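Enquirer: A predicted structure for the sequence below; I have some questions about it.
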Amino acid sequence: MPIVKGQNIICISTIDWDFMWQGHQEIMSTFATSGNKVLFIENTGIRSPGARDMSRIINRVKNWFKGVKGIRKETDNLYILSPLVLPFPYSALARWINKYLVLSVVNRWMKAMDFDYPVIWTFLPTGFALDLINNIDSRLVVYYCIADFSKLVKNPSKINRAEEKVIKRADLIFAQGEEIKKHCEKYNKNVSIFPFGVNIKAFMKDKGRDLNESPSDIRDIKGKIIGYIGGVHKHVDLRLVRSLAEQMPEWTFLFVGAVQIDVANLKELKNVVFLGKKSHKELAIYVDSFDVCIIPYVLSEYTETVFPTKLNEYHAMGKPVVSVALPEVMRFNKEYEGIVYIGKDNDDFKVCILKALDEKDAALKTKRIEAAKDNSWDRRIEKMSELIEKAIEKKKIDREALWKETLINFYRMAKRRALRFILVFLALYLLIFKTPFIWMIAAPLKVSEQPQKAQAIVVFGGGVGETGSPGKSTIERARYAAELYRKGFAEKIVFSSGYIYSYNDAENMKLIALSMGVPEKNIILENKANSTYENVIFCKKIIDDNKWDSILLISSPYNMLRAKLVFDKYEKGVKVFYSPADKCQFYDKSENVRLEQWMAIMHEYMGIAYYLFKGHI
């Protein structure tokens, strides 16, 4: 079975390209060398990062600058995207921003590379992955479920919801093991089991390569070596390792791989050695030096679904393996007639190591190598490719067979969307223009008190007013001020406005007041202010100069809150009585609501927000 060729593939990964070599890199590098063009998107996370992730974050930033907008060419046909995203995978706002940031780069790159209708292959089951899947016109969607991610986060419900949507959206699902298959089949029946395989060429003792020469950093080790390759993470049973090392001080327990947890308790033992991360190409030489290979995992809800990749890597070298009783290893052992030693507890694990060291059956070594060949990445990827090609062909046939139904559904959905739009528009129109909703919205803006005697009446001019044309608002306010003056509420009137339309707004208000019998000597003009803020600031000087301790303020009913907030900040020593014009035609609630009224109310709220931003209130 040949490997699929000639496809464009986007891989949404759960690890970075330069992390420990795993199935992610193996599969995508194989696709690339087989004639497919691959964009590998590095891990965007299933949780928010902490302090321990700082080095990874720094590396991500460095990798972003290595490429163009985060994209760099790794090898022929293989490109790596190191995206810079907001590290909050379950925040709706962060997700929206991340979608825009990444899609803008991916879409431009796809256009530049003539990279259309890709197969989207995701290892990641988050909302971010779903956003890419839903916003890229793809040929096929593959979800490779390699872990029970709900066991890796503090709040599993959020990732479970996202993963359910990814599973339902996928055309093909590859599962790491039986338990994961059962989980995925709850939402999508098109699931096939594909545990991680092994690169046979990297691990088998082929001709021309000498594996008998031990690496320099282990040449001084005497006695038997009990070895482990892979990350030393929280799923490694450190208590089991310490117990074994203490009971068997003559043996060396050798760990080859990045140390991701605190192992100080083991480092104090002379026969426990941690070599740190080695390149994937070097691992075979170290495994060749092992007398027994181990898989000392903690038995937990998470490891119930884990198939350890290292099992096939050990077997490719023909090495005996001792493992804890992981369910996936037990299934493997049943299929391959017990070639793995299973330690059911700590004591049994030790007994199994002794049996493995004493093993004399050469046929077992052959069985292990054959099992590794059967689980090689070449065979895995060939079988996956067969399923991918069949799924692509099926989708093509389905599209051709169902074109009529698809077209009808398209127009049906278009009609539904249009109807929804019309209904929503109609509902909003009725709410906005045929109900008192506007006055509910406007109510918090209105500050109104009964007129009280004060030392002066201060009137803020209306400019063009809420009506959008000069005159009406100015006349209403000037007349109301003159009426209050004639009733004896104050001895002075201040008209404040710098607006000019043929004549200055303050001058116009003065003429109206004069026509109503207010003596000119009792009128003061402030003709520079062009905003509520300037009205207050310029009037404050007049108030302070005249040493008034109380004023009666007149303005638009719904401008009063903004005026009050500014007065509260800048003129705290003066008592202000807020008395808007009593007859305001623009705000007549008996008439139908008009668009200009909504615009005036919204203008006030935006004005308050702007004043907050500027520090005026």
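Expert: Structure's in. What do you need?
Enquirer: Near Val574, how many other residues are there?
Expert: Val574 has 20 neighbouring residues, counting by other C-beta atoms under 10 Å. The way it works is simple: take the backbone N, C-alpha and C, and place the C-beta from them, glycine included.
Enquirer: Show the model's pLDDT score for it.
Expert: For Val574, the pLDDT comes out at 92.
Enquirer: residue contacts, it?
Expert: Ile543, Trp548, Asp549, Ser550, Ile551, Phe567 (C-beta atoms under 8 Å, 6 or more residues apart in numbering).
Enquirer: what sits up against stretch 91-108?
Expert: Outside stretch 91-108, the residues that reach it (C-beta under 8 Å, 6+ apart) are 10, 39, 41, 44, 69-71, 81, 83-89, 127-128, 131-132, 135-136.
Enquirer: Tell me the buried residues within those residues.
Expert: 10, 39, 41, 44, 70-71, 81, 83-85, 87-89, 127-128, 131-132, 136 (16 or more other C-beta atoms under 10 Å).
Enquirer: Correct me if wrong: Ile512 contacts Glu476.
Expert: No. Contact criterion C-beta atoms under 8 Å: Ile512 and Glu476 do not qualify, at 9.8 Å.
Enquirer: what's the following helix or strand after the least confident helix or strand in the chain by mean pLDDT?
Expert: Using mean pLDDT, DSSP states H and E, strand 500-501 stands out as the lowest-scoring helix or strand of the chain, at a mean of 70. Remark: after strand 500-501, the chain's next helix or strand is strand 503-504, criterion DSSP states H and E.
Enquirer: Report the distance from that following strand to the chain centre.
Expert: 56 Å (C-alpha atoms, centre = their mean, to the nearest Å).
Enquirer: tell me which residues in the next helix or strand after it are buried?
Expert: Sequence order places helix 505-515 as the next helix or strand after strand 503-504, per DSSP H and E. Neighbour counts using 16+ other C-beta under 10 Å place Asp505, Ala506, Asn508, Met509, Lys510, Ile512, Ala513 of helix 505-515 among the buried residues.
Enquirer: ditto for stretch 158-177
Expert: Neighbour-count burial for stretch 158-177 [16+ other C-beta under 10 Å]: 158-159, 162-163, 165-167, 169-177.
Enquirer: count of neighbours near Met110?
Expert: Other residues close to Met110 by other C-beta under 10 Å number 19.
Enquirer: Roughly how far does it sit from Ile120?
Expert: 12 Å (C-beta to C-beta, to the nearest Å).
Enquirer: joint contacts of these two?
Expert: Common neighbours of Met110 and Ile120 (C-beta under 8 Å, 6+ apart) are Ile136.
Enquirer: Run through the stretch 101-250 of the chain and note the low-pLDDT ranges.
Expert: 204-213 (pLDDT under 70).
Enquirer: ditto for the chain
Expert: 1, 204-213, 463-471, 501-502, 585, 590.
Enquirer: distance between the longest helix seen in it and the chain's centre?
Expert: In the chain, taking DSSP state H as the definition, the longest helix is helix 403-433. Centre-to-centre, helix 403-433 and its host chain are 30 Å apart (C-alpha atoms, centre = their mean).
Enquirer: Can you identify the element that follows that helix toward the C-terminus?
Expert: Next element after helix 403-433 (DSSP H and E): helix 437-442.
Enquirer: returning to what we had before: turn the buried residues of helix 505-515 into JSON lines, including distance to Ile57.
Expert: Shown next, in JSON lines, are the buried residues of helix 505-515 (distance: C-beta to C-beta, whole Å):
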{"residue": "Asp505", "distance to Ile57": "58"}
{"residue": "Ala506", "distance to Ile57": "60"}
{"residue": "Asn508", "distance to Ile57": "63"}
{"residue": "Met509", "distance to Ile57": "62"}
{"residue": "Lys510", "distance to Ile57": "66"}
{"residue": "Ile512", "distance to Ile57": "67"}
{"residue": "Ala513", "distance to Ile57": "68"}
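Enquirer: of the residues you listed, closest to Glu491?
Expert: Ala513 (13.3 Å; C-beta to C-beta).
Enquirer: what's near enough to touch that closest one?
Expert: Contacts of Ala513 by C-beta under 8 Å, 6+ apart are Ala478, Ala481, Ala482, Tyr485, Ile493, Phe495, Ile523.
Enquirer: Nearest residue to it in space, please, no chain neighbours.
Expert: Ala482 (4.6 Å; C-beta to C-beta, 6 or more residues apart in numbering).
Enquirer: these two touch, right, that neighbour and Met516?
Expert: Yes. The criterion here is C-beta under 8 Å, and Ala482 meets it with Met516 at 3.9 Å.
Enquirer: Surely Val518 touches Lys492?
Expert: No. Taking C-beta under 8 Å as the definition, Val518 is not a contact partner of Lys492, at 9.8 Å.
Enquirer: Against which helices or strands is the longest helix of the chain packed?
Expert: With contacts defined as 3 or more C-beta pairs under 8 Å, 6 or more residues apart in numbering; DSSP states H and E, helix 403-433 has no helix or strand neighbours.
Enquirer: How is the chain partitioned into domains?
Expert: 8-197, 201-375, 404-435, 441-614 (automatic domain parsing).
Enquirer: Please convert those to JSON lines, extending it with distance to Glu393.
Expert: Converted to JSON lines, the domains of the chain look like this (distance: least, C-beta to C-beta, whole Å):
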{"stretch": "domain 8-197", "distance to Glu393": "10"}
{"stretch": "domain 201-375", "distance to Glu393": "27"}
{"stretch": "domain 404-435", "distance to Glu393": "18"}
{"stretch": "domain 441-614", "distance to Glu393": "56"}
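Enquirer: Leu387 is nearest to which of these?
Expert: Closest among those, once you apply C-beta to C-beta, is domain 8-197, at 5.9 Å.
Enquirer: what distance separates that closest one from the centre of its chain?
Expert: With C-alpha atoms, centre = their mean, you get 12 Å for domain 8-197.
Enquirer: Tell me how far Ala356 lies from Lys319.
Expert: For Ala356, the distance to Lys319 - C-beta to C-beta - is 9 Å.
Enquirer: Surely Ile229 touches Glu313?
Expert: Yes. If you go by C-beta under 8 Å, Ile229 and Glu313 touch, sitting 6.7 Å apart.
Enquirer: With neighbour numbers in mind, choose between these two.
Expert: Glu313 (27 against 24).
Enquirer: can you pull the contacts of that one?
Expert: The contact partners of Glu313, by C-beta under 8 Å, 6+ apart, come to Val198, Phe203, Ile229, Leu283, Val287, Ala372.
Enquirer: would JSON lines of those with secondary structure be doable?
Expert: Shown next, in JSON lines, are the contacts of Glu313 (DSSP: H, G, I helix; E, B strand; the rest coil):
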{"residue": "Val198", "secondary structure": "strand"}
{"residue": "Phe203", "secondary structure": "helix"}
{"residue": "Ile229", "secondary structure": "strand"}
{"residue": "Leu283", "secondary structure": "helix"}
{"residue": "Val287", "secondary structure": "helix"}
{"residue": "Ala372", "secondary structure": "helix"}
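Enquirer: start to end distance for stretch 313-324?
Expert: 17 Å (C-alpha to C-alpha, to the nearest Å).
Enquirer: From the chain's centroid, how far away is that stretch?
Expert: So, by C-alpha atoms, centre = their mean, the centroid of stretch 313-324 is 39 Å from its chain's centroid.
Enquirer: Which parts of the stretch 301-450 of the chain are strands?
Expert: 321-324, 341-343 (DSSP state E, counting those that start in this stretch).
Enquirer: neighbouring contacts of the shortest one?
Expert: The reference is to strand 341-343. 320-325, 329-330, 333, 349-353, 355-356.
Enquirer: change it to 10 Å
Expert: For strand 341-343, contacts defined as C-beta atoms under 10 Å, 6 or more residues apart in numbering pick out 240, 244, 292, 294-296, 320-326, 329-330, 333, 348-356, 359.
Enquirer: which of those residues are buried?
Expert: 240, 244, 292, 294-296, 320-324, 326, 329, 333, 349-350, 352-353, 356.
Enquirer: Many thanks, I have nothing further to ask.
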